[in-house]
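J.: Give me the fold of what follows.
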Amino acid sequence: MISPGEFYKILSANGINFFTGVPDSLLKDFCSYISDNIPEDRHIINSNEGSAVALASGHYLATGKPSLVYMQNSGLGNSVNPLLSLADNEVYGIPMLLLIGWRGEPGKKDEPQHIKQGRVLTGMLEAMEIPFEKINGMTVRIDELVENVCRKIINSNQPHALLVSSGTFSEYISNFSLKSEESNKYPLQREEAVKIILNNLTDDEIIVSTTGMISREVFEYRKNNNQGHEKDFLTVGSMGHCSQIALGISLIKKDRQVFILDGDGAVIMHMGSLAVTADKGGENFKHIILNNGAHDSVGGQPTLAFKINLSKIAESCGYRQVITAQTSEEIKEKILELKKCKGPSLLEIKISKGFTNIPGRPDISPADNKKNFIKYLS
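T.: Residues are numbered from 1 along each chain as shown. You can find the predicted model right below:
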C-alpha cells in the first residue's frame, strides 16, 4: 500500500501543493492526511467536482503551478464541462493532476450505481483525450510514476489522471479526526433523526431520499420494522439531485405530500436547485435537510453547512416556510408543522456526525426499487 504521507511528499517534491475536490471513500486516508497536515488555504473541499477543476485552474493562472483535484469517478460527469472547455490544451491549456477513486472497477464487487461508471471510466477519459495511469496497493516506484506524470502535464499543458483502486492507500489515523466541536454538539445522530421522521409520516406520503447513508438508513428502518419499500425512492447515485427528482414527482402527484430527505453535502453540491424548487414547488413539496456538517459516508470530511445558514438561504430563495429542529421532541413537533403548512417548505434538522451502527445497503436493485415505486404511485 501507499502511505498517504509519502504520497503527499512525492506530490510536493514535484510542485503540487494545492489540493481541492470532493471526498471519496477510496481516497479518505489521503484526504485525511492533507486535512491534518497542510494549511486550509492550500486544501479546499469543494461543492462539486466541476467547481474544483475551476478552482485549480484559477490557482494555476495565479501561480503557474498545477494543482491536484480529487474525486470519485462518479463525479467525473460534474467536471466534464470545465475539463473540456477550460482546462483542455485546445482551449486554455491548464495542467492539473486528477486523483480519481475508481469505484466499480471491473473485476471488483461494488454497488449497482457504480458498476457502469467503473466500466466506462477509462473509455470516458480516452474520449476526452485525458491521459491516465492506474495505481493500486501493489504499485512500485510511485515516486517515479508521479514524477513522470507531473512532467507530462507541464509539457502538454493539460490534465492527467491517476485512477486509484480500492486498498491503494494505507490507513491514516487523523489527529484531528475530521471532527469539530460544532459537528458533535447536537443531541441526535442521523440514524435516530431518520427513525423519528419516518415514525411520524403516514402511509400515503411519498419519500425521496438522497444518496449515501440517508437512503441506506431509510431502507434499514423499513426492513427492521417489516415494512415494504415501495413508497420510498432511494436515490443511491446522482448526488445532489434528489430534490429535483422529488419536484418532478410532486408536480404530477399534487394530491400527495412529497417528503425529501436530503443531506447537507448533497444540497451544497447543487445549491441552485433550492431556487428552482422554491419557485416551482407546490403546496405538497416538503424538503427536509439532515445537516451534520460532514460527508459522513465517505470519511466524515467537513462540509460548509455549519459555516453558512442553509435555512436562511432557502428562505431567501423563496420557500414559503422554513423551520428548524435539533431534539427528538422538536423533530416530532416540526414534522407535524411541516405536514400542515403549505409548501414548498423546508425543515433543517441539525445533527451530530457519525453513526452508532453502519447501516446495510439496500438488498433490492435500483431497477426493482423503481418498478415498485412506480406501481405505488399509480
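
J.: Quick check: residue 84 touching residue 125?
T.: No: using CB atoms under 8 Å as the test, residue 84 is too far from residue 125 to be in contact (11.6 Å). For the C-beta atoms, the positions are set from N, CA and C on the backbone; glycine is no exception.

J.: Of those two, give the one with the bigger neighbour count.
T.: residue 125 (21 against 15; other CB atoms under 10 Å).

J.: Give me the distance between the helix or strand encompassing that one and the centre of its chain.
T.: According to DSSP states H and E, residue 125 maps onto helix 112-127. Offset of helix 112-127 from its chain centre (CA atoms, centre = their mean, to the nearest Å): 18 Å.

J.: Kindly export that helix (C-alpha atoms) in PDB.
T.: In PDB, the C-alpha atoms belonging to helix 112-127 read as follows (Å, rounded to 0.1, in the frame of the first residue of the first chain):
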ATOM      1  CA  PRO A 112     -25.100  -1.200  -8.600                       C
ATOM      2  CA  GLN A 113     -24.800   2.500  -9.200                       C
ATOM      3  CA  HIS A 114     -21.000   2.200  -9.500                       C
ATOM      4  CA  ILE A 115     -20.800  -0.800 -11.900                       C
ATOM      5  CA  LYS A 116     -21.300   1.000 -15.200                       C
ATOM      6  CA  GLN A 117     -19.400   4.100 -14.000                       C
ATOM      7  CA  GLY A 118     -16.500   1.900 -13.200                       C
ATOM      8  CA  ARG A 119     -16.700   0.000 -16.500                       C
ATOM      9  CA  VAL A 120     -16.800   3.100 -18.700                       C
ATOM     10  CA  LEU A 121     -14.300   5.300 -16.800                       C
ATOM     11  CA  THR A 122     -11.300   4.600 -19.000                       C
ATOM     12  CA  GLY A 123     -13.300   4.900 -22.100                       C
ATOM     13  CA  MET A 124     -14.600   8.300 -21.000                       C
ATOM     14  CA  LEU A 125     -11.100   9.600 -20.300                       C
ATOM     15  CA  GLU A 126     -10.000   8.300 -23.600                       C
ATOM     16  CA  ALA A 127     -12.900  10.000 -25.400                       C
END
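
J.: list the buried ones in it?
T.: For helix 112-127, a neighbour-count test (16 or more other CB atoms under 10 Å) marks 112, 113, 114, 115, 117, 118, 121, 122, 125 as buried.

J.: Perfect, I'm done here.
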